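> from the sequence below, what's the structure:
(chains A, B, C and D)
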Protein chains: 4
Amino acid sequence: MKETENRDDPLVIGGQAFDSRLLIGTGKYPSDDMIPRIVAASGSRIITVALRRVDFEAATDNVMQHIPDRMQLLPNTSGARNAEEAVRIARLARATGCGNWVKIEAIPDNRHLLPDGYATLRATEILVKEGFVVLPYINADPVVARQLEDAGAAAVMPLAAPIGTNQGLTTREMLRIIIDEIKVPVVVDAGIGKPSQACEAMEMGADACLVNTAIASASDPVAMAGAFAAAIAAGRQAWQAGTGAVRTIAAASSPLTGFLYEGTSDS
Amino acid sequence: MKETENRDDPLVIGGQAFDSRLLIGTGKYPSDDMIPRIVAASGSRIITVALRRVDFEAATDNVMQHIPDRMQLLPNTSGARNAEEAVRIARLARATGCGNWVKIEAIPDNRHLLPDGYATLRATEILVKEGFVVLPYINADPVVARQLEDAGAAAVMPLAAPIGTNQGLTTREMLRIIIDEIKVPVVVDAGIGKPSQACEAMEMGADACLVNTAIASASDPVAMAGAFAAAIAAGRQAWQAGTGAVRTIAAASSPLTGFLYEGTSDS
Amino acid sequence: MKETENRDDPLVIGGQAFDSRLLIGTGKYPSDDMIPRIVAASGSRIITVALRRVDFEAATDNVMQHIPDRMQLLPNTSGARNAEEAVRIARLARATGCGNWVKIEAIPDNRHLLPDGYATLRATEILVKEGFVVLPYINADPVVARQLEDAGAAAVMPLAAPIGTNQGLTTREMLRIIIDEIKVPVVVDAGIGKPSQACEAMEMGADACLVNTAIASASDPVAMAGAFAAAIAAGRQAWQAGTGAVRTIAAASSPLTGFLYEGTSDS
Amino acid sequence: MKETENRDDPLVIGGQAFDSRLLIGTGKYPSDDMIPRIVAASGSRIITVALRRVDFEAATDNVMQHIPDRMQLLPNTSGARNAEEAVRIARLARATGCGNWVKIEAIPDNRHLLPDGYATLRATEILVKEGFVVLPYINADPVVARQLEDAGAAAVMPLAAPIGTNQGLTTREMLRIIIDEIKVPVVVDAGIGKPSQACEAMEMGADACLVNTAIASASDPVAMAGAFAAAIAAGRQAWQAGTGAVRTIAAASSPLTGFLYEGTSDS
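Next up is the predicted model:
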C-alpha cells in the first residue's frame, strides 16, 4: 500500500525520485548482518554511512557489503570538526567510488555533538561547486537553512534533538518555520525516538525523516524499522488529507438536539 | 501488511477478536454515503452509532444501511445525561436489533461534554448483569477505570481530551496509569486529533483508539481514515518492538574514536 | 509587597479571608522543627495536617506544637480509603479540637494514591450537613468538581499530578475547564514540583495552590517555600494584569519601517 | 525582599553588578510616558533601546528622556540585516553618548525576525576589539553561543521563541545545553510570554531574562512588569534552593503505614 501511494508522491532529491520518505543509517546495530533486514523492513531507498566505517581493503566485515545495490548511498562526514575536514572526507568518498552524494556533518564538540552551521555552510558552498549533491545536517535554524538553500543544498537536514537522545521534536517550532520557508526538501534528522514523533514531523509538512538510533536501540530493530516506515507514510498521508481544526470547546460527534427521549415523562 | 500483522495480535473485546485496533464513528461526515469508504479505508471492525441517529421506520437515509454487515456494531448512549437514561437507551438498542454491545455515555453538561464517572459505573453494573458487553466512556480517571473493570466492563474508554476538540493526549499521564493498571482493553477515545497522537497512545500500550471527529473534519476524510489506520498499526508495532531509552546526552550514531584522519598532517 | 497586594485581593474560603494563596503541608520535612520557618518563609495562612500524625497524648514531638496559632488548621483524612473512614476521621478531628475545617482524602489504592471522586462526594455531602468547611481533594474531573460545588464544598482541590511526583500540571486542560466552570475557589493540589508550575496555575486563574513535597524535598526547604510564595503572587498578579496574545508570526519590539540607514550608500 | 536577596547574588555583566535579573525594553508601550513606571515596577537595572528610536535632535518625545539615569543603557542594533550594519549602529550609539554596551541584533528576514548567528559572531569579534561590552542576540544554538563566548561576548542572549510571539520556552532543550556549557551569563531573550515561563528559565539556571512584548502587550503593563520581577526572583531562588526529583510513582505526604484506625472493628 505504501509503495502504491508513494508512486504518485515521490520524495525528489537531487533530481532523483524515491518511493520512501524514511532515510536510515548503518550505525549502532547489534551486527551489520542486520542491515539488509532493516533495509527491507523500512522500505528505505537512501542510507547514510560514515566513511570512517568503510574499510576498502578489508575483504570481510565491511559495512558496504551489507547494503543492497539499489540503495542510494549517502556518505556522511561524521568525525569532521570543521568545513575543511568535511570537504576532504566528501572528496575521498567520491574518489573511492561512493558516489557524489554527501551528508555534511561538521561537529566541533564531543559532548552534545551539535553541528556548526557556518562551517556546514562553507563546506556546502565548496562541494556544490564541485558537483556534489549536498545534504547538510544542521541545528533547526531557519536562517542557516535559508543560506544553505541559497548555496545550492539539495535538501536541508535540521535536527529534532541532539543525536542519539531519542528526545523527539524538541525543536518543533523552528522546524515549523523551516518547513514553511524552505523550498528544497526538509529531512528531519537526529533525536527522533519514536514513530509517533516521525509521524508528527510529517504531519507538519516535513518531506522525510532520517532515523538511526531509535531503530538500532529498539529491542527488535527490524520490527521498529517497519513501524517507522508505516508511521512516516501515515504522517505524510495525514498532511495530504488536511487535519481538522483544534478546538477549545467540545463538539459532540452526534447532534445533541432531538434527544430521543426528550420530553417523555420518565426521563 | 496490517492485516497480516494483526492476525497474530488481535484486539479481543467481549470474547471476540478483531484484526484492527481503530474504532470509528458515524457522526459528522459530510454525508452518510461516505461511511462505507471510511470503513474500507480504516480497516476498522467496530463502529459506534448513536441510537438517536437510527430511524427504524424511515425507508431511506438511515445511517444503519451504510454500515457493512461484517462490522461489530457498538451502539452508544449519546444524549443520556445520567445512568437511568443510559440504561434505557441500551435496552432499546438491544430490543430493536442492534445487538448486546453498548458504549455508555452519561454526560450531564452540554458545554464540555464530559462524562459522569459514577453514573457510568452504575449503568455499567446494571447492564453487565443484563448480559450486555459494556464499554464505558470515561474521563481519564484510574480509580473509575478500576471500578468499571471490577464491575465487569469489557473494556474502558478513557478520553484524551474533550470530545471533538482534536487537542490530542492532554490526559497523557493518567492514561499511562490506566494502561499500567487495567487488565481489560484500554481504548483511548475522544480528543485525538492527528494520527501521530493515536500512534503515541499505542506506543504507550493502549489497546486501541476510537477516532471520529479527526477523520470527519479532515479535508479528505477517506484518506485520513487510512492515515489513522497506518499510524495505529505503527504505534502497536513500535510498542511490541520496544522503544529505546531517552537520553539527555548525545550519542553518536557512529563511533567517534578512530577518526579516519586523526593525526594526519593536514587535519 | 506581597501582603500589600493581597490585602486588596484576599483568598476567601468558608467566609474567611487569607492574605496568602499558598497552602502548605506538614509532611516529609527533615524535621518538624523546620515547620515554623517554612510557615514564615511561605507567608502561608492555611496548613494541612494528617490526623494520623497528631498524637494528642504525647507531651513532646507532636506536630501540632510546631504550628503557629494564627494558622488556619486544615486537618486531612489521609489514610482513609472510602467515604466512611473519611467521615470518621473528620469527626474525630473536630472532637479533639482541630476545628471544623477538613480536607477530604479518600484514596483506595496504595500505588498511585489517586482519590475516589464518588467516595469524596459522599463524604462531602455528609460533612457539609454537619457544619464542616469541606475542601475535597479530587482528580481533575470537572464533573466531580461541579457535583462537589453543588454539595456545598467550600473549595475544590483538583490534583496537578499524582501526589509526591513533582510532575507539574499534567492535568492542565482539565484544570482549565474546572477554573472556568466552578464558582468556589479552586486550589490546585498535588504534583506541583516547581514554582514556575504554581505560577502557571495562577496565571490560568486558579485561586490558590497547595504545595508540600516540592518544598520538603528541596535542598533548602525554607528558601523553596519563599520561592513558591513569590511565584504564586507573581502568577496571581499576571492573571490580574491580563497576559497578551500568543502569536505564530514574529512581531518586532521596535518598528522595522524607517530603518535609520536605509538607502545610505554603504549599507 | 527581592533586593535584599539580590544584594548577595548580583547579576554581573561586563564587570558591573546589578541587583535585578530582569532586563526590559522600550518598545510597544501604549506611550513612552509609561516607561518610568515600568522601570520602577520591574526593578530592572538594564534597559535596551533601538537606536532608531532615538532622535537626538528632537527636543521632545525622545524615548531617552523617559529612561532614569541610574539605568544601564543597552543600545541594540535592531534594523541591522548583517554584521556591517550592526557594527555601524553600535559605533554610532557610542559616538552619540549611549555608552559602550551594545546588544547585537543582525536579522536578515522580515517575517520571523530570526538572527543570523554568523553575522552576529563577526560583529561581536569586531566590536569586542573596539572595547564594547557586547551582548549578542542569537537563536538557541549552543555552538554559536560557544563561539561568541570565545570571541569575548559579555553574555549571550539566546531566544526562547521568535520575538513578539509570547510562545514561551520553545527552545527549552537547547537553552538547557547553553546554560550547562557557557560560562558567561545567559540572558534568555525573546518569546517569553508569561511570568511562569521566565520563572522556569531561571529554575533551569539561566542568569537573567529580557522581557518586552509580554509586558507591553499586557492589559496592565505596569502590574505585569511587577509580576515578571517577582517570578524571575522566585525562579532564581528556586534554582538556588535545589528542586526535588521528579517521580513517576506517587509518594504520600504523610506515611501510610500505621493508619490510625487500622484494625478497628468498624473500618
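> where exactly do the helices run in the stretch 1-150 of chain A?
A:2-7, A:35-42, A:83-95, A:117-129, A:142-150 (DSSP state H, counting those that start in this stretch).
> any idea which of the ones you listed gets closest to chain C?
With Cβ to the nearest Cβ, the closest approach to chain C among these belongs to helix A:142-150: 10.8 Å. C-beta coordinates here come from the backbone N, C-alpha and C atoms, glycine included.
> how about that closest one and chain D, any contact?
Yes - counting by Cβ under 8 Å from any Cβ of the partner chain, chain D is contacted by helix A:142-150 at A:Pro142, A:Val143, A:Val144, A:Arg146.
> equivalent analysis for stretch A:178-185, please.
Yes - for stretch A:178-185, a contact with chain D is found by Cβ under 8 Å from any Cβ, at A:Glu181.
> list of residues touching that stretch?
For stretch A:178-185, the surrounding residues in contact (Cβ atoms under 8 Å, 6 or more residues apart in numbering or on different chains) are A:11-13, A:140, A:142, A:145-146, A:149, A:153-156, A:158, A:186, A:204-208, D:111-112.
> how far out from the middle of the chain is that stretch?
Mean-position distance between stretch A:178-185 and its chain equals 14 Å (Cα atoms, centre = their mean, to the nearest Å).
> and it, what's buried?
Going by neighbour count (16 or more other Cβ atoms under 10 Å in any protein chain shown), the buried part of stretch A:178-185 is A:Ile178, A:Ile179, A:Glu181, A:Ile182, A:Val184, A:Pro185.
> ok, stretch A:188-196 next?
For stretch A:188-196, the buried set under the neighbour-count rule, 16+ other Cβ under 10 Å, comprises A:Val188, A:Asp189, A:Ala190, A:Gly191, A:Ile192, A:Gly193, A:Lys194, A:Pro195, A:Ser196.
> one more: stretch A:111-121?
A:His112, A:Leu113, A:Leu114, A:Pro115, A:Asp116, A:Gly117, A:Tyr118, A:Ala119, A:Thr120, A:Leu121.
> and what of stretch A:82-99?
A:82-90, A:92-94, A:98.
> over to stretch A:216-229?
Buried-residue list, stretch A:216-229, by 16+ other Cβ under 10 Å: A:216-218, A:220-229.
> among the residues of helix A:142-150 next to chain D, who's most crowded?
Among the residues of helix A:142-150 next to chain D, A:Val144 has the most neighbours (other Cβ atoms under 10 Å in any protein chain shown), with 28 neighbours.
> show me the contacts for the residue nearest to A:Asn139 when sequence neighbours are not counted.
Excluding the flanking residues, the one nearest A:Asn139 by Cβ to Cβ, 6 or more residues apart in numbering or on different chains is D:Asp141, at 5.1 Å. Taking Cβ under 8 Å, 6+ apart, we find D:Asp141 in contact with A:Leu114, A:Gly117, A:Asn139, A:Asp141, D:Gly117, D:Pro158, D:Met174.
> can I get the residues you listed in TSV including pLDDT?
Shown next, in TSV, are those (pLDDT from 0 to 100):
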residue	pLDDT
A:Leu114	94
A:Gly117	95
A:Asn139	96
A:Asp141	97
D:Gly117	95
D:Pro158	98
D:Met174	95
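> looking at those, which is nearest chain B?
For the contacts of D:Asp141, the nearest to chain B is A:Leu114 (7.6 Å; Cβ to the nearest Cβ).
> what's the helix or strand hosting A:Ala225 packed up against?
A:Ala225 is part of helix A:221-241 when elements are defined by DSSP states H and E. Using 3 or more Cβ pairs under 8 Å, 6 or more residues apart in numbering or on different chains; DSSP states H and E, the elements in contact with helix A:221-241 are helix A:2-7, strand A:22-24, helix A:35-42, helix A:195-203, strand A:208-211, helix A:213-216, helix B:195-203, helix B:221-241.
> run a quick neighbour tally on A:Asp8.
Number of residues near A:Asp8 (other Cβ under 10 Å) recorded here: 7.
> how far away is it from chain C?
The gap separating A:Asp8 from chain C is 31 Å, by Cβ to the nearest Cβ, to the nearest Å.
> how close does that residue sit to A:Leu22?
Distance, A:Asp8 to A:Leu22, by Cβ to Cβ, to the nearest Å: 18 Å.
> any chance of the buried residues of stretch A:188-196 in a markdown table, plus pLDDT and distance to A:Asn76?
Below are the buried residues of stretch A:188-196 laid out as a markdown table (pLDDT from 0 to 100; distance: Cβ to Cβ, whole Å):
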| residue | pLDDT | distance to A:Asn76 |
| --- | --- | --- |
| A:Val188 | 97 | 16 |
| A:Asp189 | 95 | 10 |
| A:Ala190 | 90 | 11 |
| A:Gly191 | 90 | 16 |
| A:Ile192 | 94 | 17 |
| A:Gly193 | 93 | 20 |
| A:Lys194 | 96 | 23 |
| A:Pro195 | 97 | 23 |
| A:Ser196 | 97 | 26 |
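> returning to that earlier point: now the helices of the stretch 1-150 of chain A as a markdown table including distance to A:Ile107?
Formatted as a markdown table, the helices of the stretch 1-150 of chain A follow (distance: least, Cβ to Cβ, whole Å):
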| stretch | distance to A:Ile107 |
| --- | --- |
| helix A:2-7 | 32 |
| helix A:35-42 | 24 |
| helix A:83-95 | 9 |
| helix A:117-129 | 9 |
| helix A:142-150 | 14 |
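> among the ones you listed, which gets the worst mean confidence?
For the helices of the stretch 1-150 of chain A, the weakest mean pLDDT is recorded on helix A:2-7, namely a mean of 42.
> could I have stretch A:245-252 exported to PDB, CA atoms only?
What follows is stretch A:245-252, C-alpha atoms only, in PDB (Å, rounded to 0.1, in the frame of the first residue of the first chain):
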ATOM      1  CA  ALA A 245      -9.000  22.400  13.400                       C
ATOM      2  CA  VAL A 246      -8.200  22.200  17.100                       C
ATOM      3  CA  ARG A 247     -11.000  23.500  19.300                       C
ATOM      4  CA  THR A 248     -11.100  24.600  22.900                       C
ATOM      5  CA  ILE A 249     -14.700  23.700  23.400                       C
ATOM      6  CA  ALA A 250     -16.100  20.300  23.000                       C
ATOM      7  CA  ALA A 251     -18.300  19.400  20.000                       C
ATOM      8  CA  ALA A 252     -20.500  16.300  20.000                       C
END
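> buried set for that stretch?
For stretch A:245-252, using 16+ other Cβ under 10 Å, the buried residues are A:Arg247, A:Ala250, A:Ala251, A:Ala252.
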